[in-house]
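# Mind looking at a prediction? Sequence and model below.
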Amino acid sequence: MSSSSSSRAHGGVNRVRVGKYELGRTLGEGTFAKVKFARNVETGENVAIKILDKEKVLKHKMITQIKREISTMKLIRHPNVIRMFEVMASKTKIYIVLEFVTGGELFDKIASKGRLKEDEARKYFQQLINAVDYCHSRGVFHRDLKPENLLLDPNGNLKVSDFGLSALPQQVREDGLLHTTCGTPNYVAPEVINNKGYDGAKADLWSCGVILFVLMAGFLPFEDSNLVALYKKIHKADFTCPPWFSSNAKKLIKRILDPNPSTRITIAEVIENEWFKKGYQPAVFEQADVSLDDVDAIFNESVNAQNLVVERREERPITPVTMNAFELISTSQGLNLGNLFEKQMGLVKRETRFTSKKPANEIISKIEETALPLGFDVKKNNYKLKLVGEKTGRKGHLAVATEILEVAPSLYMVELRKSGGDTLEFHKFYKNLSTGLKDIVWKTAEETIEEERNGNRNGAKVAPA
């Protein structure tokens, strides 16, 4: 049987092992899956592991589709698509091992700059179209393309995440068209909203057009707090390009955001477009032999017990989890620990952090005390909290996962991560929350940057006792 155990990090904290991977903190979670940071203990390589609940997969009759999607994604080797390394299974879970990238989300760049210059936006759009076209040629569609699904590697290259996997709840009927409406409303093509069946390739291209608009404008082409009004705007393609868009960029965006899928420009035509071709560098591919044995094994109903991994969980720690070196470095996006507290002034990510020298219990009490008046229910589980907004926002209730992590004796990192709802609403919530937490914060992003600017190496301001 594949090795699996709970290993100990320093400070006596139990860590879960699955096969050759040591699981760390949660990076994201959704209806069907949770994504965790992990490390290959044999090679030291950092990865992300998407964990699917077998029971939910079976309940939605998704086995055939998941097997097809995973098999295809394993075969894809594209520099602008998050790579899938391997697949494992236990009796209750499916583990998909993915490439881990540290450059953050493209959304963060837009949030900090407001908008990108046309040449920079074009570079990302070229990489996006490259990735989308390649996956489409292999029968895999995304169906939920948006800036939050576009990540950056340390060199600033685009990496599309959730390709193939975001389509798991979808069903293809006998007419060959997809019939389940999904995706983020502002980025969804009109034919998807109609729910009369749509071509996955044409729908993905529409989303790419919305993304290009957002990159260059800094705001959405279709926006309305009323969902019915928003859908009407999308159906009519009722939008206006800002005056700073070049005429060729405007023409291309209008051809992509054509509400009629039969007259909409195709990806092949986009690649031949004059505006698109400027400075275009086609992707360089690596060839590799890929085995699908692991995929076949986990979906084989008479699977041999030797093919299963075991995830052993020991008693939960009653102290905050201690971050070990590999997690700390991965969190800081390199060896510059200044990045740990975010690089851009005032930038709030979908995942954001601060440090505190106050006792962990005091930090938890203060977060609870501050979140309740902001209209959030607080659920506590040891040194983790889940904050859920009482009001329904643009994308349902805002949910924020919070964890207290010990990074050094008497020094704690507080990590807040959006686990549901709208990213912009999370930005607003975090700013309001951080105002109420100023008495317990030891070092914020702004203080770290100011410290670096002034060349002050004597330590940051300590919150009042």
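Noted; the coordinates are in hand. Numbering: from 1, shown residues only.
# now the stretch 51-200 of the chain, which segments are flagged as low pLDDT?
60-62, 65, 69, 163-184 (pLDDT under 70).
# Show me the strands in it, by range?
Counting by DSSP state E, counting those that start in this stretch, the stretch 51-200 of the chain has strands at residues 84-89, 93-99, 150-152, 158-160.
# Phi and psi next, for residue 145.
Dihedral angles of residue 145 (phi, psi; degrees, to the nearest 10) stand at phi -70, psi 130.
# tell me the phi and psi of the spatially closest residue to it that is not a sequence neighbour?
Closest residue to residue 145 apart from its sequence neighbours, by C-beta to C-beta, 6 or more residues apart in numbering: residue 207 at 3.8 Å. C-betas here are computed from N, CA, C, even on glycine. Per-residue torsions, residue 207: phi -60, psi -40 (degrees, to the nearest 10).
# which element follows the longest strand seen in the chain toward the C-terminus?
With secondary structure taken from DSSP state E, the chain has its longest strand at strand 396-408. Sequence-wise, the next helix or strand downstream of strand 396-408 (DSSP states H and E) is strand 411-420.
# I'd like the average pLDDT over the helix or strand that that next one is followed by.
The helix or strand immediately downstream of strand 411-420 is helix 423-436, counting by DSSP H and E. Averaged across helix 423-436, the pLDDT comes to 82.
# got the angle for helix 423-436 vs strand 411-420?
150 degrees (axes from the mean of the first three to the mean of the last three C-alpha atoms, to 10 degrees).
# starting at the chain centroid, how far to helix 423-436?
19 Å (C-alpha atoms, centre = their mean, to the nearest Å).
# how about it: buried residues?
423, 425, 426, 427, 429, 430, 433, 434 (16 or more other C-beta atoms under 10 Å).
# And the longest strand of the chain, what does it pack against?
strand 21-29, strand 321-322, helix 360-371, strand 384-393, strand 411-420, helix 423-436 (3 or more C-beta pairs under 8 Å, 6 or more residues apart in numbering; DSSP states H and E).
# lowest-confidence stretch among the ones you listed?
Across the helices and strands packed on strand 396-408, strand 321-322 gives the lowest mean pLDDT, at a mean of 56.
# who touches the longest helix along the chain?
Scanning the chain for the helix with the most residues, using DSSP state H, yields helix 118-137. By C-beta atoms under 8 Å, 6 or more residues apart in numbering, the residues outside helix 118-137 that reach it are 76, 78, 80-81, 106, 115-116, 141-142, 145, 150, 157-158, 160, 163-164, 200-201, 204-205, 208, 211-212, 215-216, 245-246, 249, 267-268, 270-271, 275-276, 278-283.
# ChimeraX command to pick out the buried ones of these?
Only the buried members of these enter the following ChimeraX selection, criterion being 16+ other C-beta under 10 Å:
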select :76,78,80,81,106,115,116,141,142,145,150,157,158,160,163,164,200,201,204,205,208,211,212,215,216,245,249,267,270,275,276
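# What about the contacts of helix 118-137, which are in helices?
106, 200-201, 204-205, 208, 211-212, 215-216, 249, 267-268, 270-271, 275-276.
# re the thing from before, I'd like the buried residues of helix 423-436 as CSV, with distance to residue 93 appended.
Shown next, in CSV, are those (distance: C-beta to C-beta, whole Å):
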residue, distance to residue 93
423, 28
425, 31
426, 28
427, 33
429, 31
430, 31
433, 33
434, 35
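# quick revisit: check contacts around the residue nearest to residue 145.
Counted by C-beta under 8 Å, 6+ apart, residue 207 has contacts 142, 144, 145, 146, 183, 187, 188, 189.
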